[in-house]
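# Using only what follows, build the 3D model:
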Amino acid sequence: MINALKLVKKDIAAAKFVVLGSGASGINIAKMIMAAGANPDNMLSVDSKGILSRDRADRAVLQEKFKEKWDLCMRTNPKAKQGSAADAVVGADVLIGVSTPGPGTIKAEWIRAMAKDAIVFACANPIPEIWPWEAKEAGARVVATGRSDFPNQVNNSLGFPGIFRGALDVRAKTITDEMCIAAARELAKVAEDKGISEDYIVPNMDEWEVFPREAAAVGMKAIEQGVARFKFTAEELLAMAKETIGKARNEVKLMMNEKFIIDPDQ
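Numbers count the residues shown, from 1 in each chain. Model prediction:
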């Protein structure tokens with residue numbers, strides 16, 4: 001998201017976000033985007049019954065049984081806008097789908113109703129909510145999916161190895177939102193260092209140098225926040241992570257060469 005916003009020259013604090021899907025993924029994506037600088041007043045979340053709002057007819061159920069959803073109702077959508085996903089996306093800069101697999105979950109006409117240079121992350125697997133070429137034809141400028149066979153795969157496998165490595169190396173007492181955001185910023189910087197484009201906003205899994213860099217960024221943020229038990233310099237953390245991750249990769253390669261691990265592509 002960091003590089004997508006850079007490409008379209010939009011500020012996260014001013015951008016209008018819609019998150020389609022309000023399960024665990026959607027709720028936490030919305031929270032993390034706000035923690036990274038998005039304005040809650042510019043955020044709408046949508047579940048199967050429509051836009052999350054403090055004035056929804058089922059608010060009593062949300063308050064009792066879906067407290068995290070209710071928290072979003074209270075933190076976002078200050079005008080208590082109601083309606084469907086189609087209503088939510090009108091004028092939006094960013095649409096993030098973590099909903100029902102498609103195609104057809106996200107409609108082309110929804111994207112045509114979004115702001116110019118729209119960003120669409122259709123993250124449902126195994127089939128995204130809308131095919132990336134359909135999203136582009138409808139006017140999206142940057143499109144990402146959860147699939148490795150399309151450009152811009154956004155997948156948690158790009159984040160958690162570096163986050164956990166960094167937390168473990170400094171023996172962090174917890175993993176904070178800020179540590180995760182530090183990982184995201186470093187992930188974006190790896191791609192930016194190589195040259196971002198509409199089809200390259202994040203590295204892929206083969207660019208393994210991203211993981212030591214993320215680990216170092218996470219470790220440094222843990223130290224800064226006072227949740228690290230051990231303290232190191234950024235250079236020391238990077239060297240430690242490179243050694244640990246590189247050793248693990250070499251061991252896996254050896255086991256594959258010796259046929260202890262079968263290559264799934266063969």
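# quick one: contacts for the nearest residue to Glu209 once chain neighbours are set aside?
Sequence neighbours aside, Val190 is the residue nearest to Glu209 in space, at 7.0 Å (criterion: CB to CB, 6 or more residues apart in numbering). No exception for glycine: its C-beta is placed from N, CA and C like everyone else's. Residues near Val190 by CB atoms under 8 Å, 6 or more residues apart in numbering: 203, 207, 209-210, 213.
# Take the residues you listed and, keeping just the buried ones, write it as a PyMOL select command.
Those of the contacts of Val190 that count as buried under 16 or more other CB atoms under 10 Å are selected in PyMOL with:
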select buried, resi 203+210+213
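# May I see the buried residues of the strand or helix carrying the residue nearest to Glu209?
Per DSSP states H and E, Val190 falls inside helix 177-194. Neighbour-count burial for helix 177-194, counted by 16+ other CB under 10 Å, picks out 178-184, 186-191.
# got it, and stretch 219-238?
219-223, 227-228, 232, 237-238.
# Tell me which entries of those residues lie within helices.
Within those, residues falling in helices by DSSP state H are 219-223, 237-238.
# Save the residues you listed as JSON lines, and put in pLDDT and distance to Val90 too.
Output for these, formatted as JSON lines (pLDDT from 0 to 100; distance: CB to CB, whole Å):
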{"residue": "Gly219", "pLDDT": "99", "distance to Val90": "42"}
{"residue": "Met220", "pLDDT": "99", "distance to Val90": "41"}
{"residue": "Lys221", "pLDDT": "99", "distance to Val90": "37"}
{"residue": "Ala222", "pLDDT": "99", "distance to Val90": "41"}
{"residue": "Ile223", "pLDDT": "99", "distance to Val90": "44"}
{"residue": "Leu237", "pLDDT": "98", "distance to Val90": "45"}
{"residue": "Leu238", "pLDDT": "98", "distance to Val90": "45"}
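# where do the strands sit along the protein?
With strands called from DSSP state E, the chain shows them at 17-20, 43-47, 50-51, 94-97, 118-122, 140-145.
# which one of the ones in helices among the buried residues of stretch 219-238 sits closest to Trp133?
For those, the closest approach to Trp133 (CB to CB) belongs to Lys221, at 37.6 Å.
# before we move on, the earlier item: can you put the buried residues of helix 177-194 in JSON lines and add pLDDT and distance to Val61?
Conversion of the buried residues of helix 177-194 to JSON lines gives the following (pLDDT from 0 to 100; distance: CB to CB, whole Å):
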{"residue": "Glu178", "pLDDT": "98", "distance to Val61": "33"}
{"residue": "Met179", "pLDDT": "98", "distance to Val61": "34"}
{"residue": "Cys180", "pLDDT": "97", "distance to Val61": "30"}
{"residue": "Ile181", "pLDDT": "98", "distance to Val61": "32"}
{"residue": "Ala182", "pLDDT": "98", "distance to Val61": "37"}
{"residue": "Ala183", "pLDDT": "98", "distance to Val61": "35"}
{"residue": "Ala184", "pLDDT": "97", "distance to Val61": "33"}
{"residue": "Glu186", "pLDDT": "98", "distance to Val61": "40"}
{"residue": "Leu187", "pLDDT": "97", "distance to Val61": "37"}
{"residue": "Ala188", "pLDDT": "98", "distance to Val61": "38"}
{"residue": "Lys189", "pLDDT": "98", "distance to Val61": "43"}
{"residue": "Val190", "pLDDT": "97", "distance to Val61": "43"}
{"residue": "Ala191", "pLDDT": "97", "distance to Val61": "42"}
